[in-house]
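**Student:** Here is a sequence together with a model predicted from it:
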Amino acid sequence: MSPPRLIVGLGNPGGEYADNRHNVGFWFIDQLARHLQVPLTPQGKFLGRVGRQGDLWLLQPMTYMNLSGQAVAALAGFYKIAAEETLVVHDDLDLPPGAIRLKQGGGNGGHNGLKDIQARLATPDFWRLRLGIGHPGERAEVINYVLKAPRREEQELIDPAIDRCLLAWPLLAAGDYAAAQRQLHLKTP
């Protein structure tokens, strides 16, 4: 497998969304940027906050979740980054808080950010790093749930999951997705 050239963290811009469950992708990119000592700066051309280290790009779309594909397609298109070289980090309702899954391709599970990326790239074949946030139990509560901060006990599971992803970063950066999956797909406490 080729190493990723674009890491995208999904979320919504603005202080009122900063601590929302839906912003777990932003949280990861913030941590990875600190880890790599790469500043994230607004770039209107790419509709987001962008950082670069060599051939690796970090992106936080500022388009709001439902239009994330605009930013991804703008940067990927400009630098000729293939879908298979793109890793999208996002919240996942179908996983309990603290659970992590890494996979390539597949459906979007009703996630509007993924849906827009699939449409704009015209393929589902990008990699996904799915960070569990749990489910409210009622479908009608999903929007309200993802746009609220995790409860303390959930945050205490999500933060270590992000730390585990950072520990697996050397494997991800090398494109060794199978080894990264073995490291990341552990049962949560």
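**Tutor:** Looks like it came in fine. Numbers count the residues shown, from 1 in each chain.

**Student:** Tell me who's in contact with the residue positioned nearest the centre of the chain.
**Tutor:** Taking Cα atoms, centre = their mean as the criterion, V89 is the residue nearest the geometric centre of the chain, at 1.4 Å. Shown in contact with V89 (Cβ atoms under 8 Å, 6 or more residues apart in numbering): 7-10, 24-25, 28-29, 128-129, 131, 165. C-betas here are computed from N, CA, C, even on glycine.

**Student:** check which helix or strand covers it.
**Tutor:** strand 86-92 (DSSP states H and E).

**Student:** any weak-confidence spans in the chain?
**Tutor:** 187-189 (pLDDT under 70).

**Student:** Helices along that one, start to end?
**Tutor:** Listed in chain order, the helices of the chain (DSSP state H) span 24-36, 68-78, 112-121, 142-146, 152-167, 169-173, 177-184.

**Student:** need the contact list for the spatially closest residue to Y145 that is not a sequence neighbour.
**Tutor:** Closest residue in space to Y145, ignoring its immediate chain neighbours: P136 at 3.9 Å, by Cβ to Cβ, 6 or more residues apart in numbering. Neighbour list for P136: 142, 144-145 [criterion: Cβ under 8 Å, 6+ apart].

**Student:** Put the buried members of these into a ChimeraX selection.
**Tutor:** Selection of buried members from the contacts of P136 for ChimeraX, criterion 16 or more other Cβ atoms under 10 Å:
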select :145
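
**Student:** Can you add distance to W169 and give the contacts of P136 back as CSV?
**Tutor:** CSV is the format used below for the contacts of P136 (distance: Cβ to Cβ, whole Å):
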residue, distance to W169
V142, 30
N144, 33
Y145, 29
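
**Student:** Who does R101 form a beta bridge with?
**Tutor:** Counting by DSSP bridges, R101 is bridged to R130.

**Student:** returning to that earlier point: quick one: the residue nearest to the centre of the chain and E141, what's the gap?
**Tutor:** For V89, the distance to E141 equals 24 Å [Cβ to Cβ, to the nearest Å].
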